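1. Show me how the following folds:
(one chain, ligands or ions: 1)
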Amino acid sequence: MPIYEFVCKDCRHIFESLCFTSRDIESVRCKRCGSKNVSKLVSTFSSRVGSSSSFGGGFSSGSSCGGLGGFS
Ligand SMILES: [Zn+2]
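-> This next block holds a predicted model:
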């Protein structure tokens, strides 16, 4: 299940949302205040991140997978 975690930058609410496409991710809104000013967190359901337990500090922008190839 492609469940992603998001944090609302307005009210700091953290919630989960089902996103099947990147368009779904872009259209996610805060479930508490309805703001579109949300950012995606690293999924807690990823099974292959065992070696890096301190993620969350280094990602300033972009995603960990797919943003490195120069897709612009
Ligand atoms: Zn909010």
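
2. buried sites along the particular helix or strand that has F6 in it?
-> F6 is part of strand 3-8, with elements assigned from DSSP states H and E. Residues Y4, F6, V7, C8 are the ones in strand 3-8 that count as buried (16 or more other C-beta atoms under 10 Å). All C-beta spots, glycine's among them, are computed from the backbone N, C-alpha and C.

3. Using PDB, list the CA coordinates for that strand.
-> Extracted in PDB, the C-alpha atoms of strand 3-8 (Å, rounded to 0.1, in the frame of the first residue of the first chain):
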ATOM      1  CA  ILE A   3       0.900   5.100   2.200                       C
ATOM      2  CA  TYR A   4       2.900   8.300   2.800                       C
ATOM      3  CA  GLU A   5       3.300  10.400   5.900                       C
ATOM      4  CA  PHE A   6       2.900  14.100   5.600                       C
ATOM      5  CA  VAL A   7       3.400  17.000   8.000                       C
ATOM      6  CA  CYS A   8       1.400  20.200   7.700                       C
END
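
4. what's in contact with that strand?
-> 13-19, 25, 28, 30, 32-33, 35, 37-45 (C-beta atoms under 8 Å, 6 or more residues apart in numbering).

5. That one pairs with which strands, parallel or anti?
-> Note on strand 3-8: by DSSP bridges, its sheet partners are strand 14-18 (antiparallel), strand 38-41 (antiparallel).
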